[in-house]
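K.L.:
Could you look at this predicted model? Sequence included:
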Amino acid sequence: MQSKDTTSSICSAGSNQETVRYKEVGAQHLDQNSPKKGRYRPRGHSRQLAMVHRLIDQVASYDTSVLILGESGTGKELVARNIHELSSRANKPFVPVNCGAIPAELIESELFGHEKGAFTGAITSRKGRFEMAEGGTLFLDEIGDMDLSMQVKLLRVLQERTYERVGGNESHRCNVRIIAATHRNLEKRIAAGAFREDLYYRLSVFPIETPPLRDRIDDLPELIEHLADRAASKGHPRVRFSRPALASLSHYPWPGNVRELSNLVERLAITHPRCQIDLPALPPKYCAGDFDAEVPCPDTSAHGAIVTSPEFVDLPADGLDLKDYLRTIEQRLIKQALGETDGVVARAARLLHMRRTTLVEKMRKYDVRAHA
Ligand SMILES: Nc1ncnc2c1ncn2[C@@H]1O[C@H](COP(=O)(O)OP(=O)(O)OP(=O)(O)O)[C@@H](O)[C@H]1O
Ligand SMILES: [Mg+2]
């Protein structure tokens with residue numbers, strides 16, 4: 001469950017005082033964007049992310065191998081790019097290779113290159129990723145999915161710092177910094193015989209764990225700001241979220257982490273252009289309460305009641321049924337209060353500043369149950 005402090009920091013877009021707090025976050029953004037920290041600096045000011053920033057800053061200037069561990073979408077590649085851009089190799093290439101996506105029979109030539117005629121179809125010689133990354137950083141993404149036979153070859157290169165192209169006998173010396181990443185638990189893979197222990201120790205000289213979004217939910221408003229800016233710079237309309245919508249998003253577990261958040265922001269920018277995103281506009285799974293309808297945004301439909309926070313209410317051009325409108329708001333807020341208090345009616349009543357008996361009466365009137 002969300003702590004009160006967190007919820008209040010997430011809902012910091014309303015009053016004047018809160019606007020000031022938002023501006024302060026914006027100022028920190030600038031600091032984070034400074035050339036020293038780089039354009040790939042992961043966004044957020046939570047304690048968990050501060051630790052990630054600290055580790056990045058500590059290791060960046062050394063050639064030490066880094067192993068980045070974390071769930072899918074937590075920003076592993078971003079961390080790798082940030083380390084590279086803060087290192088002395090910054091003006092040399094950063095070369096990513098997705099070890100999980102390349103078939104086992106192709107990965108060797110992908111990494112080390114091949115000579116002409118090395119295999120059927122090798123009509124010219126070709127550079128591998130090690131060669132492309134010379135002087136820079138090679139990012140071995142999804143290393144946990146690498147085939148065992150390839151792990152042996154990689155280990156040899158990491159130990160001897162030399163490799164041969166497929167079909168060639170000339171030894172090439174390499175000067176690359178290795179950063180690897182995986183969403184898998186490598187210790188379990190080792191126990192299952194799917195990952196070499198010696199390679200693990202060679203790669204994980206300096207491990208960095210990227211925390212899941214649900215464990216650093218304080219970062220949500222800042223991430224949303226950043227992702228909305230990023231979507232806007234790609235030509236999408238700029239989205240803004242109401243306080244209840246932000247509060248609701250902060251209760252969602254985010255299994256797809258920041259990637260999922262980024263997709264949601266982009267999707268809402270398209271479906272609700274120039275809108276304040278309020279609870280009913282969120283897809284149902286992102287609603288902490290029992291909100292099951294995606295309603296059209298106010299700009300595209302002036303009809304029907306628009307449920308939103310008071311500061312954003314606009315009277316539609318053709319008016320509205322005020323009684324009906326207020327009933328809808330009342331019902332939604334009651335459901336939300338019950339959702340936030342795990343259905344404890346007395347606590348929900350306190351949240352709504354009303355007597356418990358009054359809330360029970362309203363719940364009966366609207367046929368709302370404590371547990372959905
Ligand atoms: N802290 C962050 N600040 C800003 N953007 C972030 C942050 N974390 C992740 N992102 C964004 O989320 C998306 C996913 O990040 P990234 O590709 O680095 O994650 P990943 O851990 O490598 O994911 P996967 O395991 O699926 O490959 C990217 O668009 C990235 O820019
Ligand atoms: Mg990745």
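P.N.:
In hand now; what should we look at? Ligands and ions are numbered 1, 2, ... in the order given.
K.L.:
What distance do you get for residue 251 to ligand 1?
P.N.:
20 Å (CB to the nearest ligand atom, to the nearest Å). Quick note: C-beta positions are derived from backbone N, CA and C, even for glycine.
K.L.:
could you list every residue that touches whatever residue of the stretch 1-150 of the chain ends up closest to ligand 1?
P.N.:
Using CB to the nearest ligand atom, the closest approach of the stretch 1-150 of the chain to ligand 1 is made by residue 75 at 2.7 Å. Residues counted as contacts of residue 75 (CB atoms under 8 Å, 6 or more residues apart in numbering) are 42, 210, 257, 258.
K.L.:
ok, which of those residues also contact ligand 1?
P.N.:
The overlap between the contacts of residue 75 and the neighbourhood of ligand 1 (criterion: CB under 6 Å from any ligand atom) consists of 42, 258.
K.L.:
how about the helices of the stretch 251-372 of the chain, start to end?
P.N.:
257-271, 322-340, 345-351, 356-366 (DSSP state H, counting those that start in this stretch).
K.L.:
Dump those helices into a markdown table; add distance to residue 206, mean neighbour count and mean pLDDT as well.
P.N.:
Converted to a markdown table, those look like this (distance: least, CB to CB, whole Å; neighbours: other CB atoms under 10 Å; pLDDT from 0 to 100):
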| stretch | distance to residue 206 | mean neighbour count | mean pLDDT |
| --- | --- | --- | --- |
| helix 257-271 | 22 | 19 | 95 |
| helix 322-340 | 41 | 17 | 80 |
| helix 345-351 | 46 | 17 | 91 |
| helix 356-366 | 54 | 14 | 92 |
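K.L.:
now the ones you listed in CSV, with distance to residue 246?
P.N.:
What follows is these, written out as CSV (distance: least, CB to CB, whole Å):
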stretch, distance to residue 246
helix 257-271, 12
helix 322-340, 13
helix 345-351, 17
helix 356-366, 24
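K.L.:
Ok, which of those helices comes nearest residue 53?
P.N.:
Of all the helices of the stretch 251-372 of the chain, it is helix 257-271 that lies closest to residue 53, at 15.1 Å by CB to CB.
K.L.:
just checking, what packs against that closest one?
P.N.:
Here helix 257-271 is seen to pack against helix 220-233 when contacts are counted using 3 or more CB pairs under 8 Å, 6 or more residues apart in numbering; DSSP states H and E.
K.L.:
Now do the helix it packs on against helix 257-271: the angle between them, please.
P.N.:
Computed with axes from the mean of the first three to the mean of the last three CA atoms, to 10 degrees, the direction of helix 220-233 lies at 50 degrees from that of helix 257-271.
K.L.:
moving C-terminal of helix 220-233, what's the next helix or strand?
P.N.:
Where DSSP states H and E defines the elements, the next helix or strand beyond helix 220-233 is strand 240-241.
K.L.:
can you list the weak-confidence ranges in the protein?
P.N.:
Counting by pLDDT under 70, the chain contains low-confidence residues at 1-36, 289-321, 325, 372.
K.L.:
which ones are touching the residue nearest in space to the middle of it?
P.N.:
If you average the C-alpha coordinates of the chain and look for the closest C-alpha using CA atoms, centre = their mean, you land on residue 258, 1.1 Å from that point. If you count contacts by CB under 8 Å, 6+ apart, residue 258 has them with 73, 74, 75, 213, 223, 227.
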